[in-house]
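K.L.:
Take this sequence and fold it.
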Amino acid sequence: MTRYVSVVVTACLAAVAGLSFQRVFGLGPVLPVAAVAASVPTVLCALLSGPRKDKRPWPLWISLVLTVAAWAGTAAVTVLRPALGSGTLPDALREGVLSSWKSILTTLLPASAEPELLLLVNVVVWLAAFASAELALRTSLRAAPCLPALAAWAVALLLGVDGPGSNTPLAAATVVLIGVLILVRSDISNISDTRDGAVRISWRPFVIGVPVAAVLGGLAFAAAPVVPVSAEPYNPREQVQAPPPQRRDSVSPLDRVGGWLLSPDQVMFTVQAKRNEIERLAVLDKFDGVTWSSTARFVPTGRRVPEGPRPDKKHEVAQRITIRDLPGVWVPAADRPRQVDGLPVVVDPDSGALASAQPLRAGQTYRVESVVPEWTADDLAAARVATDAEARAARELPWGPGATRPPVQVGEFGQFARAATQGATSPIQKAAMLAEYLKGYAKYDVTAPPGHSYRQLDYFLGEGRRGTPEHFATAYALLARTLGLPSRVVVGFDGGNRVGDTVQVRSGDVMVWPEVKFDGLGWIRFNPLPDSARRSKKNDSVAAGETEQKLEQAQKNAASQQRGQGPGNTPQKEPKKPAAADSDEPTPWWVFASIAVVVLLIGYVFAVLLAPVLRKRRRRAGPPSARITGAWHQALDHLADVGLSTARTLTAHEVARFGASNVGDDAHGQLGPLADLVNRSRFAASHPDPDAADRAWRHTDELGRLVTARAGRLRRLRRRLHPRSLRDHRDREDRGARTD
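P.N.:
Residues are numbered from 1 along each chain as shown. A predicted model of the protein is given here:
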């Protein structure tokens, strides 16, 4: 019965290990998979490998063969049921077993609950449950059956490093279950036969041990958030090469801007939200001298989008977007999205740009949650230009395809930009002044010929001075690069027409804007378009977004602060580090050292106090002769508190006389009968019965109370805290001791 109870605990351990995959897929998809994969092999092992009366269990190889067959059948009718119905079961099995791990490591978590990916959870939990059950049924090792579940835990932790949520409650439950498993299996040695042949099981370990295991689990749960970690956890995703970037759309959204503006009433998509935001569509960060393109490395994701810079001030927005006539694969969303539901997407972790795996279709609806940053004038005034690898690439001015020398336009653009920002002394001044200069320099004209190469932008700035958002944004980006400002171009939509509680975003609401990257802040949007660039307002049109208006005003105020004029007039000051950088300072080494010392001291005290309890428990277990010997060893430990240094050269009755002289005559009344029981147990022809063992332990327990009264609790506690209390040297002394 004890072995069968232990396999129930191992099944729970395997199930909890399976639930730890919730950081990979979420709890809902994992729960049924883990429950089935933990219970079925456990039941099968109990039927084949469990102890049976007058029969030996089946050989291990039979159990192994049958569990493989059972796994294939169970997986086919549960996890892979969709593949079973479509006739692609063999391919799904092969994909799930061989390639699912790599698909998970190249997907932003939580991953989609696809059958081929969930099959990995099924396999890991099944193997853990099978191995744990076999160890529990075929061996008497106490803690070994928990090792397969811990191996499953290791797989889940590696795959879920970047996943949302926490496995702390599951880890605490695992600690409790391991403690219960050890208690259950240690009860095998506590089973003894009474005189009438009945089996007697000691339930005392459960009464004491289960609450202790629960307390340990609670301590593990409480201590997990404050456990010091000196470095980022190992992330296997860094060792797996992501799929190469693919060209998602044959036509760049930037090339569609001119056509959309000429047919402004085509409804692209609709938005339901509490507030109006600019919808970002595509991020274009690479210029080759002729056209802008995206270097985004899109990776699959279940629904999560990695976080970008964390501003002090921000607001959240939830939008329900329905696609109407928007072509291509780029998915509109407010910047920066955090979670997408209802539409399978791929995401660029750096920019947060979204794209659909397949071309968008009319009627597709999804919900996107975004966190929109709100920058203040103080944030921007103190900002410095970013210098990371992305920023360095965003300052490049290529010569153009096949060019052997730099185009003359680059030098002209540099002169133009320096004239437009004359007197600027800080990056924010240059960026803001360049935007204001372009607003008044050229006119907005939707009929201007499209194009944004060096030659076309030279005509826009030199002769035409009329253009669409495409011209203003791309010209700004190139001029900013000549000033050393890392820049890129973004295509999106601003505004729309409200119909009831829904905003219809039309082709005429398309917008192109440049962005500049600042250290600690990320990419900041600038608006170089003239005020006349907005569509003429109708009664149902949506005003400019509040966030956009605040950002433009903050940019103007920041530039004014740097020049010492206008709102917020303050003297120029040295740039300060972003507040976020303060939280990244390393914790002093002495903090970790102090925590380590405290943990070691607590662990030592716990060990020296727990060791005598476990030692006494072990001595009370086993057959009667072993229990009598254990009672004698326990009595010697009691006498050590009143000066008995060794019993190696003393007979049992000499030890009894020592106890009488140092504890009192009452001690001799306990030690004398105990010495007789020890001698008869060792040298008598017949084996002692359980009653003799019970009497021996009653004498030992009474002796312990007498020694406590004589020596005092404080003296006994000090002796327990000594390191020698961790060792059990009574067995060696007992082998060398003389008896009567």
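K.L.:
which element is the residue nearest to residue 100 when sequence neighbours are not counted on?
P.N.:
Using Cβ to Cβ, 6 or more residues apart in numbering and skipping the chain neighbours, the partner closest in space to residue 100 is residue 120 (4.2 Å). The C-beta positions use only the backbone N, C-alpha and C, and glycine is treated the same way. Taking DSSP states H and E as the criterion, residue 120 maps to helix 115-138.
K.L.:
Show residues contacting the helix or strand just after that helix.
P.N.:
Moving toward the C-terminus from helix 115-138, the next helix or strand (DSSP H and E) is helix 147-159. Outside of helix 147-159, the residues within contact range by Cβ atoms under 8 Å, 6 or more residues apart in numbering are 10, 13-14, 16-18, 20-21, 23-24, 101, 104-105, 124-125, 127-132, 135, 167, 174, 234, 236.
K.L.:
and with 7 Å instead?
P.N.:
10, 13-14, 17-18, 20-21, 24, 104-105, 124-125, 127-128, 131-132, 174, 236 (Cβ atoms under 7 Å, 6 or more residues apart in numbering).
K.L.:
Could you write out the alpha-carbon coordinates of that helix in PDB?
P.N.:
Taking Å, rounded to 0.1, in the frame of the first residue of the first chain, the C-alpha atoms of helix 147-159 are listed here in PDB:
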ATOM      1  CA  LEU A 147      14.300  13.000  -9.900                       C
ATOM      2  CA  PRO A 148      12.400  12.500 -13.200                       C
ATOM      3  CA  ALA A 149       9.900  15.200 -12.200                       C
ATOM      4  CA  LEU A 150      12.800  17.600 -11.400                       C
ATOM      5  CA  ALA A 151      14.200  16.800 -14.900                       C
ATOM      6  CA  ALA A 152      10.900  17.800 -16.400                       C
ATOM      7  CA  TRP A 153      11.100  21.000 -14.300                       C
ATOM      8  CA  ALA A 154      14.500  21.700 -15.900                       C
ATOM      9  CA  VAL A 155      13.100  21.500 -19.400                       C
ATOM     10  CA  ALA A 156      10.200  23.800 -18.600                       C
ATOM     11  CA  LEU A 157      12.400  26.400 -16.900                       C
ATOM     12  CA  LEU A 158      14.800  26.500 -19.900                       C
ATOM     13  CA  LEU A 159      12.000  26.800 -22.500                       C
END
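K.L.:
returning to what we had before: can you tell me how far the residue nearest to residue 100 sits from residue 155?
P.N.:
Taking Cβ to Cβ, to the nearest Å as the measure, residue 120 falls 8 Å from residue 155.
K.L.:
mean confidence score for stretch 630-645?
P.N.:
The average of the pLDDT scores along stretch 630-645 is 82.
K.L.:
how far does it sit from the chain's center?
P.N.:
51 Å (Cα atoms, centre = their mean, to the nearest Å).
K.L.:
do the same with stretch 29-42
P.N.:
22 Å.
K.L.:
List the buried residues in it.
P.N.:
29, 30, 31, 33, 34, 36, 37, 38, 39, 40, 41, 42 (16 or more other Cβ atoms under 10 Å).
K.L.:
Restricted to buried residues, select the contacts of helix 147-159 in ChimeraX.
P.N.:
Selection of buried members from the contacts of helix 147-159 for ChimeraX, criterion 16+ other Cβ under 10 Å:
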select :10,13,14,17,18,20,21,24,104,105,124,125,127,128,131,132,174
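K.L.:
which residues touch the closest residue to residue 375 other than its chain neighbours?
P.N.:
Excluding the flanking residues, the one nearest residue 375 by Cβ to Cβ, 6+ apart is residue 554, at 5.6 Å. Counting by Cβ under 7 Å, 6+ apart, residue 554 makes contact with 375, 376, 377, 380.
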